[in-house]
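>>> What follows is a predicted protein model with its sequence.
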Amino acid sequence: MLRAAYRIAWKDVVGDLRRRATLSSMLFFSLSVLVIFQAGLEPNRSEALKLMPGLLWITLLFTSLVGLGRVFQAEEEDGALEGLLLSPMPRGVIFLGKWLGNLVLTALVALLLLPLMLILLNVDAWGALHLIIGVVLLGILGLTGLGVLLAAMTQAARARETLLALLLIPLVSPLLIAAVQATNGVLGLTTEIAAWIRLMLVFDVVYLAMAPWAFGWFVED
């Protein structure tokens, strides 16, 4: 089963790298947000440090929405979605493969985004970069898990990208608030880190435990 999930994820990641579709769109969007923010507000180093956690997670949220809107696009264009759902593998394995593929693409964008954000905002947080990466990876586990589930639920809707955003943003807000606070702690803006990390872990476990079961239920209907 894990091999089947790995193959689905590998197909999505390699296929997207060949088409240069989702990853390039996500990168372009995230870079545009950073450039517009820097050019529009021109914050000094102190202001940029305080604004960075919120800007980072808002950028990751909307960048992930760009990728989540295309999670099932390749199967729909090839007419392969029904065949995939009719295959004997459990629906949870299909979810796991689609989630892993989206997680890899989102993580690649985040790893490229972080150093560019430090450079453009002129924030001296290179010593905490590995901790910020850890918080980001922890946050996008739940963000992409819930996002892929909602993408499956809305993939047949006429205005699916709008509906996806309307559903995802309020449901993932508790995780994002914890992620912003944990990033604040890593950057030395607050003293509390452990409690927010534990809260992120709780949300990740809940989202990822619920999603494979709910995915099977949504695609069954």
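Received the coordinates, thanks.

>>> my guess is Lys50 meets Thr183, correct?
No: with contacts counted by Cβ atoms under 8 Å, Lys50 stays clear of Thr183, the gap being 11.3 Å. The way it works is simple: take the backbone N, C-alpha and C, and place the C-beta from them, glycine included.

>>> Settle it for me: which of these two has more neighbours?
Thr183 (25 against 14; other Cβ atoms under 10 Å).

>>> Which helix or strand lies directly C-terminal to the helix or strand harbouring the more buried one?
Taking DSSP states H and E as the criterion, Thr183 maps to helix 160-186. The helix or strand immediately downstream of helix 160-186 is helix 194-220, counting by DSSP H and E.

>>> just for the protein, where's the confidence low?
1, 221 (pLDDT under 70).

>>> in the helix ranked longest in it, what's buried?
Of all segments of type helix in the chain, defined using DSSP state H, the longest is helix 91-121. Across helix 91-121, burial judged by 16 or more other Cβ atoms under 10 Å covers 91-107, 109-110, 113-114, 117-118, 121.

>>> still on that earlier bit, which neighbouring elements make contact with the helix holding Thr183?
Packing partners of helix 160-186 (3 or more Cβ pairs under 8 Å, 6 or more residues apart in numbering; DSSP states H and E): helix 45-68, helix 129-154, helix 194-220.

>>> out of those, nearest to Arg20?
Arg20 lies closest to helix 45-68 among the helices and strands packed on helix 160-186, at 13.3 Å (Cβ to Cβ).

>>> buried set for that closest one?
Neighbour counts over helix 45-68 (16+ other Cβ under 10 Å) mark 48-49, 52-53, 55-57, 59-61, 63-68 as buried.

>>> Would you mind identifying the next helix or strand past that helix?
helix 73-78.

>>> Could you export that next one as CSV, CA atoms only?
What follows is helix 73-78 as a C-alpha-only set of coordinates in CSV (Å, rounded to 0.1, in the frame of the first residue of the first chain):
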residue,chain,number,x,y,z
GLN,A,73,-6.1,18.4,-12.4
ALA,A,74,-3.9,15.9,-14.2
GLU,A,75,-6.3,13.0,-13.6
GLU,A,76,-9.3,15.2,-14.8
GLU,A,77,-7.4,16.3,-18.0
ASP,A,78,-6.5,12.7,-18.8
